[in-house]
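# Sharing a sequence plus its predicted fold:
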Amino acid sequence: MFKNKVGQLSVELVPQMMRNGRNDLVVRGFVNRTIEIEVAFAGRRVKEVGPLEARLRAMMTHAVKKAAASGAKEPDTDHIRLPVLIEGAWRPRFKRDQAGWETRSYYLFAARWSVLDNEGNTVSFGSPPIVVASQYQE
């Protein structure tokens with residue numbers, strides 16, 4: 001699964017999630033506050049993503065209730081962000097547009113991820129990627 005170079009990246013995840021055909025959880029996020037990416041939690045790691053998914057849903061619910069209580073409009077999901085440190089690898093994805101052209105984008109496939117809990121402690125999930133020796137050769 002981790003055929004490309006593995007690294008760590010700070011990502012701000014937003015509560016916009018979906019399950020793909022393989023039942024992987026795919027979450028939108030941002031790197032450097034402005035670069036939009038998608039993060040995939042796949043394979044055996046998808047079993048451990050429940051707390052992260054629940055936290056993102058709770059953040060969205062809280063923001064919606066807070067807006068409703070103050071009479072404001074529903075919040076933009078891009079402004080509801082959860083900082084996460086992710087260890088994983090980039091994987092290409094090809095999409096065909098309506099004209100038949102393929103464009104390449106990338107998923108960040110997560111192997112391990114860490115978040116801060118409500119008390120400020122770091123909580124980690126996932127498992128280390130199986131690293132192939134050729135990944136670290138320069």
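Nice, thanks for sending it over.

# what about the residue sitting nearest the centre point of the chain, distance to Trp101?
Closest to where the C-alpha atoms of the chain average out (Cα atoms, centre = their mean) is Val39, at 3.4 Å. Between Val39 and Trp101 the distance is 25 Å, computed by Cβ to Cβ, to the nearest Å. Where you see a C-beta, it was placed from the backbone N, CA and C, and this is true even at glycine.

# Same question for Val84.
33 Å.

# For the two, work out which one has more neighbours and name it.
Val84 (22 against 8; other Cβ atoms under 10 Å).

# which element is the more buried one on?
For Val84, the host element (DSSP states H and E) is strand 82-96.

# Tell me which helix or strand comes right after that strand.
Past strand 82-96, the next helix or strand by DSSP H and E is strand 102-116.

# picking that back up, contacts for the strand holding Val84?
Strand 82-96 is contacted from outside by 1-15, 29, 39-40, 52, 55-56, 59, 102-116, 126, 128-129, using Cβ atoms under 8 Å, 6 or more residues apart in numbering.

# SS state for Ala67?
Put simply, Ala67 is helix when judged by DSSP: H, G, I helix; E, B strand; the rest coil.

# Once you drop chain neighbours, what's closest to it?
Pro75 (5.4 Å; Cβ to Cβ, 6 or more residues apart in numbering).

# Quick check: that neighbour vs Ser114, distance?
From Pro75 over to Ser114 the distance is 25 Å, taken as Cβ to Cβ.

# pLDDT below threshold where in this protein?
For the chain, applying pLDDT under 70 flags the ranges 1-4, 131-138.

# how about Arg33, secondary structure?
coil.

# What residues are bridge-paired with the residue nearest to the centre of the chain?
Val27, Leu108 (DSSP bridges).

# what residues are up against it?
By Cβ under 8 Å, 6+ apart, the neighbours of Val39 are 11, 13, 26-29, 86, 88, 107-110.
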